[in-house]
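Trainee: take a look and give me a structure for this.
(one chain, ligands or ions: 2)
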Amino acid sequence: MTDRLRLGLNIDHVATVRNARGGATPDPLRAALMAEQAGADGITAHLREDRRHISDADIEALMGALTLPLNFEMAATEEMQAIALRHKPHAVCIVPERREERTTEGGLEVAADDNRLAAFIAPLREAGCRVSLFVAADEVQIRAAARIGAQVVELHTGAYCDFTAEGRAEDATAELERIRKMAALAQDLGLEVHAGHGLNYDTVPPIAEIPQVVELNIGHFLIGEAIFRGLPDAMAEMRRVMDAARG
Ligand SMILES: CC(=O)[C@@H](O)[C@H](O)COP(=O)(O)O
Ligand SMILES: NCC(=O)COP(=O)(O)O
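Mentor: Ligands and ions are numbered 1, 2, ... in the order given. Model (predicted):
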């Protein structure tokens, strides 16, 4: 078996359920602590500008209670940079955000914004946060990420997952091939390679087989599965699927 593929659990949508009623339950911290016990390798939480799910208090609570590394997802704004520098999480992942989007739609446009992003990530890296950029499987973006000093790229698997769900097998295969090629390029450029968005038990195996990919961040699907089979069991099945694919 090649190196163990890490599983980061994204707990955003525990907060989505909580916020549906504006109360305190279900608590994303409880899910994170349960995931720790269930063998997660990390926790991912996305503090969106509109706070539609994860709140500032959630991040405070996670930082105070987690023993697992926190991967703090954030937009490239001064507000989020200040929050990240205050907490100094293990990792930050810079993601594009548009208020009107239902979920993250595309990857970060690094090349078109490289000078600003280079200056934006420098203090985060100097504060000891591992800096990841959430990008499409696109050579221009991967090369720009390496150029501006990111340590990690997280490859956006949303298009691949959407094509698969829509039965567009040829498009899914083509996107998967792009992801494979960009994972190899990213590693050649000295970047650590992660992948995430929209992954489920069916779409994970081909991604898990990519040798350069060392971490998957999975949230929406696993939180949904947890409704029916409980979080530990849902995660155990994903672990089994990942390990089986990794060989
Ligand atoms: C970047 C990414 O794909 C997710 O980690 C992100 O959190 C998606 O946004 P929502 O969780 O708001 O759907
Ligand atoms: N960066 C991807 C992530 O954290 C989880 O995305 P999803 O599984 O909720 O789509």
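Trainee: what helix or strand does the residue most central in space within the chain sit in?
Mentor: Residue closest to the mean C-alpha point of the chain, counted by C-alpha atoms, centre = their mean, is Asn217 at 4.2 Å. Here Asn217 sits within strand 213-218, counting by DSSP states H and E.
Trainee: before we move on, what about Ala45?
Mentor: Going by DSSP H and E, Ala45 is part of strand 42-46.
Trainee: got the residues of this structure near ligand 2?
Mentor: 10, 44, 154, 196-199, 217-221 (C-beta under 6 Å from any ligand atom). Just so you know, the C-beta spots here come from the backbone N, C-alpha and C atoms, and that holds for glycine as well.
Trainee: and Gly22, how many neighbours?
Mentor: 6 (other C-beta atoms under 10 Å).
Trainee: okay, it and Asp56: tell me how far apart.
Mentor: 16 Å (C-beta to C-beta, to the nearest Å).
Trainee: can you check Arg30 too?
Mentor: In terms of C-beta to C-beta, Arg30 sits 18 Å off from Asp56.
Trainee: for the two, indicate the residue with more neighbours.
Mentor: Arg30 (15 against 11).
Trainee: can you tell me the SS state at the more buried one?
Mentor: Secondary structure, DSSP: H, G, I helix; E, B strand; the rest coil: Arg30 is helix.
Trainee: ok, now which ones touch it?
Mentor: By C-beta atoms under 8 Å, 6 or more residues apart in numbering, the contact set of Arg30 is empty.
Trainee: same deal with Leu47?
Mentor: Taking C-beta under 8 Å, 6+ apart, one finds 54-56, 58-59, 72-74, 80, 83 in contact with Leu47.
Trainee: my guess is Ala38 meets Gly230, correct?
Mentor: No: counting by C-beta atoms under 8 Å, Ala38 stays clear of Gly230, with 9.2 Å between them.
Trainee: more neighbours: these two, which one.
Mentor: With neighbours defined as other C-beta under 10 Å, Ala38 and Gly230 compare such that Ala38 has more, 18 against 13.
Trainee: quick one: contacts of the strand holding Ala45?
Mentor: Outside strand 42-46, the residues that touch it by C-beta under 8 Å, 6+ apart are 6-12, 28, 32, 35-36, 53-54, 58-59, 62, 66, 68-74, 90-91, 93, 95, 196, 215, 217, 219.
Trainee: keep only those of those residues that are in helices.
Mentor: Applying DSSP state H to these, the entries found in helices are 12, 28, 32, 35-36, 58-59, 62.
Trainee: please identify which pair of the residues of the chain next to ligand 2 lies farthest apart.
Mentor: Spanning the widest gap among the residues of the chain next to ligand 2 are Glu154 and Phe221, at 16.3 Å by C-beta to C-beta.
Trainee: quick one, which of these two is more surrounded?
Mentor: Glu154 (32 against 20).
Trainee: tell me the bridge partners for that one.
Mentor: Phe134, His194 (DSSP bridges).
Trainee: how close does it get to ligand 1?
Mentor: The spacing between Glu154 and ligand 1, counted by C-beta to the nearest ligand atom, to the nearest Å, is 7 Å.
Trainee: same check, this time on Ala38
Mentor: With C-beta to the nearest ligand atom as the criterion, Ala38 and ligand 1 are 19 Å apart.
Trainee: just Met74 next, same as before
Mentor: Met74 is 10 Å from ligand 1, by C-beta to the nearest ligand atom.
Trainee: was I right about that residue contacting Ala91?
Mentor: No: Met74 is beyond contact range of Ala91, at 10.7 Å (criterion: C-beta under 8 Å).
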